[in-house]
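Colleague: Just to be clear, the model below is a prediction. Sequence and coordinates:
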Amino acid sequence: MNSEVTRRSPALAITGLIALGVAGWGLTGGPDLPDLPVLPWILLALGLLAGVLLIVSGIRRG
């Protein structure tokens, strides 16, 4: 059994709280987004970037 004390990242907690806030804001009728045909591609690119960053950060620690 590992006896080391693990710490959670404050940045991860803040990011999670921001994500929950944005999700709640969207569910309560947040801002109306313009009808942009490129919007799904922007969201896809942001998701891809987040995934790559998570993979790279995991490799660096491992």
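Modeller: Ah, there it is.
Colleague: mind checking the longest helix of the chain?
Modeller: helix 39-61 (DSSP state H).
Colleague: Any buried residues in that one, and which?
Modeller: Residues of helix 39-61 include none that count as buried (16 or more other Cβ atoms under 10 Å). Heads up, the C-betas are built off the backbone N, CA and C, glycines and all.
Colleague: Helix, strand, or coil at Gly29?
Modeller: Using DSSP: H, G, I helix; E, B strand; the rest coil, the structure places Gly29 in coil.
Colleague: Now do the contacts for it.
Modeller: The contact partners of Gly29, by Cβ atoms under 8 Å, 6 or more residues apart in numbering, come to none.
Colleague: Which pLDDT does the model give it?
Modeller: The per-residue pLDDT reported for Gly29 equals 83.
Colleague: Likewise for the one 3 residues further on?
Modeller: The score at Asp32 is 76. That number is its pLDDT.
Colleague: That one - how many residues pack around it?
Modeller: Asp32: 6 surrounding residues under other Cβ atoms under 10 Å.
Colleague: how close does it get to Ala50?
Modeller: Asp32 sits 25 Å away from Ala50, going by Cβ to Cβ, to the nearest Å.
Colleague: cool, and Pro31?
Modeller: According to Cβ to Cβ, Pro31 stands 22 Å off from Ala50.
Colleague: what stretches of the protein score poorly on pLDDT?
Modeller: Within the chain, the stretches with pLDDT under 70 are 1-5, 33, 60-62.
Colleague: Show me the contact partners of stretch 11-27.
Modeller: Around stretch 11-27, the neighbours that count as contacts under Cβ under 8 Å, 6+ apart are Gly30.
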